[in-house]
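Novice: When you get a sec, could you give me coordinates for this:
(one chain, ligands or ions: 2)
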Amino acid sequence: MAKRDVAVLISGSGSNLQALIDAVAADPDHPARIRLVISNKPGVYGLERAAAAGIEAVVIDHKAFPDRAAFDAALQAELEARGIDLVCLAGFMRILTAPFVEAWTGRMLNIHPSILPAFKGARAIDDALAAGVRITGVSVHYVVPEMDAGPIVVQAAVPVLPGDDHDALAKRIHAAEHRIYPAALRWVAAGDVRLAESGRVEHLTDPVAINSVLISPPALG
Ligand SMILES: Nc1nc2c(c(=O)[nH]1)N[C@@H](CN(C=O)c1ccc(C(=O)N[C@@H](CCC(=O)O)C(=O)O)cc1)CN2
Ligand SMILES: NCC(=O)N[C@@H]1O[C@H](COP(=O)([O-])[O-])[C@@H](O)[C@H]1O
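Specialist: Ligands and ions are numbered 1, 2, ... in the order given. Take a look at the predicted model:
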């Protein structure tokens, strides 16, 4: 089966990008290959991670465009030029326009630091802390025009511990993200998980096997 050509879109540190890079590099038979990294911000550490992995990286600075549609058109041109057929948003912090997202229906994933639909948006970890929940988590979902409303591929629970501040919870959240995003990429790239015409996510592999591996929260602390 031909490998899926993947682009990873970032805006910052790129720890999820690194988790995807490491997972793909660890398996010569991985169904995906990361061909391109795109950042909407210059100078971010994720670009150094791409360079260290020998992956082509480009900056498409959203501030250089008059509006979202123009920025998204530049993204689309870059993705088409390189024959990308699967996009992973990994800490990519720009809301994308509906025409762009609809062109990638079923072929664009996002990692979000909450158990969606709870705590949508750019401040999910702080919002969970402010809400006083004892359990939060992480979600991988297909991207749809409505922000963080796409069909769920997989979720994992992450406990909120007494005394947690943003950094303590973020560390635990990231550890869970770095486990479930590589798993989700493998399943989608292999065709074990797909978005049906109905809008439902179909797990062609035994969903119990998938979810039982991933629900267990990471080690506490
Ligand atoms: N059309 C969609 N675009 C994006 C989605 C989506 O589901 N549909 N997911 C986001 C990722 N995301 C949460 O997971 C998210 C990222 C950024 C924001 C946001 O408010 N961005 C602001 C700028 C914030 C900043 O620059 O720090 C904005 O775009 O004006 C909300 C949710 C990616 N895109
Ligand atoms: N709403 C989107 C959002 O909050 N995304 C979050 O940004 C972080 C990026 O970290 P990284 O750059 O180290 O991968 C991740 O925790 C990701 O879930």
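Novice: isn't residue 109 right up against residue 87?
Specialist: Yes: contact criterion CB atoms under 8 Å: residue 109 and residue 87 qualify, at 7.3 Å. Any C-beta I mention is one placed from the backbone N, CA and C, and that applies to glycine too.
Novice: Which one's more surrounded, those two?
Specialist: residue 109 (26 against 23; other CB atoms under 10 Å).
Novice: Shouldn't the more buried one be within a strand?
Specialist: Yes: according to DSSP: H, G, I helix; E, B strand; the rest coil, residue 109 belongs to a strand.
Novice: wait, what's in contact with it?
Specialist: 86-89, 140-143, 153, 181, 184-185, 188 (CB atoms under 8 Å, 6 or more residues apart in numbering).
Novice: Phi first, then psi, for the closest residue to residue 187 other than its chain neighbours.
Specialist: Residue nearest to residue 187 in three dimensions, not counting chain neighbours: residue 193, with 4.1 Å by CB to CB, 6 or more residues apart in numbering. Residue 193 has phi and psi values of phi -130, psi 130 when expressed as degrees, to the nearest 10.
Novice: What segments of this structure are helices?
Specialist: All helices of the chain, identified by DSSP state H, fall at 15-25, 45-52, 68-81, 98-103, 124-131, 166-190, 207-215.
Novice: Among those helices, which comes closest to residue 157?
Specialist: Nearest to residue 157 among the helices of the chain is helix 207-215; the distance by CB to CB comes to 6.2 Å.
Novice: what's the weakest-modelled helix or strand in this structure?
Specialist: helix 207-215 (a mean of 51; mean pLDDT, DSSP states H and E).
Novice: count of residues packed around residue 58?
Specialist: The number of residues near residue 58, taken as other CB under 10 Å, comes to 15.
Novice: if I look at it, how far off is ligand 2?
Specialist: For residue 58, the distance to ligand 2 (CB to the nearest ligand atom, to the nearest Å) stands at 17 Å.
Novice: Would you agree that residue is in contact with residue 38?
Specialist: Yes: counting by CB under 8 Å, residue 38 is a contact partner of residue 58 at 5.6 Å.
Novice: Mind listing the shared neighbours of these two?
Specialist: What both residue 58 and residue 38 touch, as defined by CB under 8 Å, 6+ apart, is the set residue 78.
Novice: Count the residues that sit near residue 132.
Specialist: The burial count assigned to residue 132 is 7, neighbours taken as other CB under 10 Å.
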